[in-house]
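Chemist: sequence and computational prediction follow.
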Amino acid sequence: MLLLTWYITGAMDIGLWPPHNHRSNKLQLSFPPHPPRPPPSSPAQFKRFCSIGALVRLLIPRDAAHSSTPAPHCSPTPTSLLLLLKAVVNEMLPNTELYSPAIEVDPAMYDEEDLGYESALSGYDSDTMCIASTMNEYLLENGRLYHTYYGPDKNILPLDEIEQDRMDLCHDIFNLMLEGLHLAPVESPTRILDVGTGTGVWAIQVAEEYPQAEVIGMDLSPIQREWVPPNCRFEVDDAERDFTYQRNSFDLVHVRNLGQCIDDWERLMSEIYQCTKPGGYIEWCELGGTCHSDDNTLADNNPTKLWFDCMVRAVAMLGRPASITHILMHDFLERAGFVDIEVAQYKHPLAPWPKDKRLKQIGAMNLIAGVTGYHAYGMALFTRVLGFHSDMADKICRDCQVAQFDKSAHIYTFYYVVYARKPTRDEAAANAH
Ligand SMILES: C[S@@+](CC[C@H](N)C(=O)[O-])C[C@H]1O[C@@H](n2cnc3c(N)ncnc32)[C@H](O)[C@@H]1O
């Protein structure tokens, strides 16, 4: 009931409720820009606004959200598990098989009275903000807004406020996973590019971390926040076209979760290589396209498997890499000319079943992100590409989402972070001889 209330309030916000026609399908819409909400009035409020996405909108109705008590900040705690992982990863390069220790299941979760994961989910809070848009041509399909300006299948994820909330939440999840904004060892950067920046939350936080750097976030859609640090700006562009950025100019280029959207990774990596400074870094992060359990609790008939299988099939039918792995990422970076390629592989629990506190928190956040996430990734691909009726596509996504509440299945996917350095001028000259 709470989720329904949340969905309806969110849908009313963007003019989707009552639904025009939920079963089908395509309707071209032109929306006036959203009136921006007032800016955050204090640094603390700004931080909070930048943080945790909009978890609370996923848990409680909008009015209640504003009166709730402040959330505990989810500051990552270093654990020996991840340090061990990193060390092992470094040791094993360039081996393609990365060792990931099994995640221990929390036995205490079975003692809780709740049937699902309610107690593990309590305590998150955040705010949201609307973005004014100048390129306000969208496609309304199955109740969600999609990008059309550079082509309808460019971004197969929606871009509405519901999706923006999910992107911000995922940003917090990845921060928690990495214990920071990036792994690449950049020092005093002066120019940073975020390709496919989404809401721009990574670019904004990186601009705060490096106030001396000029940070540019680039995306197909102008969905970024208006209130940004003075050293951060956003541009609308298609990353698959020729880059207009100055050659050899960025200390760090960041690419995160564009997996299902890019036709030609080789070309994109070559463009990124051109605009990276000699000695500068690329950092590329992707979620894997497969699901796993360490203790055989992921049965073959688990709906999560069907959802992942459909995803992989649909992406392959679009002619894009069906399942991006660290092997593929390593390969693309090497072919572009990058050196010192480092690979990190993280287990990414889909629910709060792990015993480890930080992984449990990540699982809890993933469970919430999944409330809209499986639909966000699945609906366009399953209906447009696989040709499923929207009811069937909806069922596959919904079943997968509900399956994550089953405490007996301890499911995770992989999160890959690969970073690499562009050779210095001296190194390039030496290699040329
Ligand atoms: C899943 S979101 C990830 C957003 C952001 N990188 C993050 O991790 O928070 C994918 C984003 O990539 C953008 N995108 C997809 N294809 C793109 C392209 N060809 N050029 C620029 N942006 C693109 C989409 O518009 C969307 O905002």
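Modeler: Arrived safely.

Chemist: gap between Tyr299 and Thr413?
Modeler: To be clear, residue 299 is Ala; Tyr isn't right here. Using C-beta to C-beta, to the nearest Å, Ala299 is found at 16 Å from Thr413. (Each C-beta comes from the backbone N, C-alpha and C, glycine too.)

Chemist: more neighbours, those two?
Modeler: Thr413 (18 against 13; other C-beta atoms under 10 Å).

Chemist: make sure the more buried one is actually in contact with Gln345.
Modeler: No: counting by C-beta atoms under 8 Å, Thr413 stays clear of Gln345, with 10.9 Å between them.

Chemist: so, low pLDDT: which residues of the protein?
Modeler: For the chain, applying pLDDT under 70 flags the ranges 1-99, 112-136.

Chemist: what residue in it comes nearest to the ligand?
Modeler: Gly198 (2.6 Å; C-beta to the nearest ligand atom).

Chemist: residues of the chain that sit close to the ligand?
Modeler: 147, 154-155, 157, 167, 171, 196-198, 202, 218-221, 238-240, 256-258, 261 (C-beta under 6 Å from any ligand atom).

Chemist: try it again at 8 Å.
Modeler: Contacts of the chain with the ligand, taken as C-beta under 8 Å from any ligand atom, map to 147, 150, 154-155, 157, 159, 167-168, 170-171, 174, 194-199, 201-202, 218-221, 223, 237-240, 254-258, 261-262, 268, 285.

Chemist: can you select the buried ones among the residues you listed for me in ChimeraX?
Modeler: Provided next is the ChimeraX selection string for whichever of the residues of the chain next to the ligand are buried by 16 or more other C-beta atoms under 10 Å:
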select :147,150,154,155,157,159,167,168,170,171,174,194,195,196,197,198,199,201,202,218,219,220,221,223,237,239,240,254,255,256,257,258,261,262,268,285
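
Chemist: in helices, which of the residues of the chain next to the ligand fall?
Modeler: Among the residues of the chain next to the ligand, the residues falling in helices (DSSP state H) are 167-168, 170-171, 174, 201-202, 268.

Chemist: which members of those are the farthest-apart pair?
Modeler: Asp168 and Leu268 (24.2 Å; C-beta to C-beta).

Chemist: for Val215, pull up the helix or strand it's in.
Modeler: With secondary structure defined by DSSP states H and E, Val215 is part of strand 214-219.

Chemist: CA atoms only: put that strand into CSV for me.
Modeler: Only the C-alpha atoms of strand 214-219 are listed here, as CSV (Å, rounded to 0.1, in the frame of the first residue of the first chain):
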residue,chain,number,x,y,z
GLU,A,214,37.0,21.8,-13.7
VAL,A,215,34.4,19.0,-13.8
ILE,A,216,32.2,18.3,-16.9
GLY,A,217,29.3,15.9,-16.8
MET,A,218,28.0,14.8,-20.2
ASP,A,219,24.7,13.0,-21.0
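
Chemist: other SSEs contacting it?
Modeler: With contacts defined as 3 or more C-beta pairs under 8 Å, 6 or more residues apart in numbering; DSSP states H and E, the packing partners of strand 214-219 are strand 191-195, helix 201-209, strand 232-236.

Chemist: among the ones you listed, show me which one is buried the most.
Modeler: Neighbour counts (mean count of other C-beta atoms under 10 Å) averaged over each of the helices and strands packed on strand 214-219 peak at strand 191-195, with a mean of 24.

Chemist: that one: partners in the sheet, and parallel or antiparallel?
Modeler: strand 214-219 (parallel), strand 250-256 (parallel) (DSSP bridges).

Chemist: quick one: residues in contact with that strand.
Modeler: 200, 202-203, 206-207, 210, 213-218, 239, 245, 249-256, 258, 268, 272, 275, 277 (C-beta atoms under 8 Å, 6 or more residues apart in numbering).

Chemist: can you do 6 Å?
Modeler: Residues from elsewhere that reach strand 191-195, judged by C-beta atoms under 6 Å, 6 or more residues apart in numbering: 202-203, 206, 213-218, 239, 249-255.

Chemist: and for stretch 322-336?
Modeler: By C-beta under 6 Å, 6+ apart, stretch 322-336 touches 96, 259, 265, 269-270, 273, 284, 286, 289, 312, 315-316, 321, 341, 343, 345, 416, 418, 420.

Chemist: change it to 7 Å
Modeler: 96, 98, 259, 265-266, 269-270, 273, 282, 284, 286, 288-290, 312, 315-316, 321, 341, 343, 345, 416, 418, 420 (C-beta atoms under 7 Å, 6 or more residues apart in numbering).

Chemist: can you tell me the closest non-neighbouring residue to Tyr146?
Modeler: Sequence neighbours aside, Leu139 is the residue nearest to Tyr146 in space, at 4.4 Å (criterion: C-beta to C-beta, 6 or more residues apart in numbering).

Chemist: surely the one you found and Pro152 touch.
Modeler: Yes: assessed by C-beta atoms under 7 Å, Leu139 is found in contact with Pro152 at 5.8 Å.

Chemist: who has more neighbours, the two?
Modeler: Leu139 (18 against 15).

Chemist: tell me the SS of that one?
Modeler: Secondary structure assignment for Leu139 (DSSP: H, G, I helix; E, B strand; the rest coil): strand.

Chemist: do you know how far the residue nearest to Tyr146 is from Gly373?
Modeler: Distance, Leu139 to Gly373, by C-beta to C-beta: 20 Å.

Chemist: quick one, helices of this structure?
Modeler: Under DSSP H, the chain gives helices at 2-13, 43-50, 55-59, 62-67, 80-92, 118-121, 161-178, 201-209, 265-275, 303-317, 326-336, 357-380, 390-403, 425-432.

Chemist: no more questions from me, cheers.
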